[in-house]
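Q: No sequence on hand, only this structure:
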Ligand code: HEC
Ligand code: HEC
């Protein structure tokens, strides 16, 4: 005859064994899910992922940690950027490089802007028109302070801000003479194929959108830099952080992934 204590010990042993087996099965399922998700994120065409909201959400959720660790120092914890430093807002629909598809975001994240990477964006540099040689690569003339103020008035007027009409007329001539259209296009709406910002949309990369900030950009030039991450983040992490940035600016799900 077995004693009650022995029976209780056996029962406990069996229960523990069943619990351990369940844990192993759940762990394997979880691991399997994680590996399947890795593979789906990596193998999918990046443009197809937004069409699969559950996949986008899962990838973006993982990318939040990558963003907090590597991007938030400049782009801000909430992705709103810093106009004092010329760091763009990643939560709006305004893009410097391309139309804001996952692949455009991933290209910047991997290779950067004006970074030490041969595939980095580096097609245009804002000249410093207030200096004797405004640009090392473009043949553009120096501008006198009055000319810089006039061309600033011209773009502000195009953007719907009040400005002195005589100065705006003069600024229009300078816009042509100084070759601004070469990068920012004739209507000053910018060129996302080279990262030249739209000057008339009231979204400013640098400063508060006032006359002084525009004059400063034109006189001193600008050369914003985003680091290249391809050597430091894995292809999977790059995909995840790009999906996170995509989700910040595209309300594809009932609630924005934040
Ligand atoms: C060779 C190409 C090039 C030319 C020519 C050029 N720009 Fe730019 N400009 C840029 C680029 C690129 C930027 C963005 C700089 C950055 O990303 O740091 C910029 C930025 C600016 C900004 C800041 C915009 C913002 O959102 O804060 C202003 C203002 C501006 N340019 C005005 C002008 C004017 C006016 C002229 C002509 C007098 C001119 N640019 C000529 C390439 C150019
Ligand atoms: C050292 C500061 C810094 C860090 C860190 C940084 N960025 Fe940037 N990023 C910038 C600046 C500045 C620009 C604008 C470059 C220019 O002027 O053209 C930019 C531009 C971008 C753009 C282009 C936005 C557009 O409008 O087209 C994307 C996308 C981007 N960053 C993503 C990232 C991601 C993802 C990370 C983290 C993996 C990251 N950045 C880390 C400074 C930074």
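A: Received, thanks. All values reported here derive from a predicted model rather than from experimental measurement. Ligands and ions are numbered 1, 2, ... in the order given.

Q: For the stretch 51-200 of the chain, what lies in contact range of ligand 1?
A: On the criterion Cβ under 6 Å from any ligand atom, ligand 1 has as its neighbours in the stretch 51-200 of the chain the residues 86, 124-127, 129, 138, 140, 151, 155, 178-180, 182-184, 195-197, 199. C-beta: built from backbone N, CA, C; applies to glycine.

Q: Is there a neighbour count for residue 35? I'd like the number.
A: 10 (other Cβ atoms under 10 Å).

Q: Can you list phi and psi of residue 153 for me?
A: Dihedral pair for residue 153: phi -60, psi -40, per degrees, to the nearest 10.

Q: Now for it, how many residues are close by?
A: Neighbours of residue 153 using other Cβ under 10 Å come to 26.

Q: show me what contacts residue 204?
A: By Cβ atoms under 8 Å, 6 or more residues apart in numbering, the residues touching residue 204 are 83, 213.

Q: I'd like the distance between it and ligand 2.
A: Taking Cβ to the nearest ligand atom, to the nearest Å as the measure, residue 204 falls 12 Å from ligand 2.

Q: Which secondary structure state is assigned to that residue?
A: coil (DSSP: H, G, I helix; E, B strand; the rest coil).

Q: got it, and residue 189?
A: The three-state label given to residue 189 by three-state DSSP is coil.

Q: burial count for it?
A: With other Cβ under 10 Å as criterion, residue 189 counts 15.

Q: Give me the phi and psi for residue 126.
A: Dihedral angles for residue 126 - degrees, to the nearest 10 - are phi -70, psi 120.
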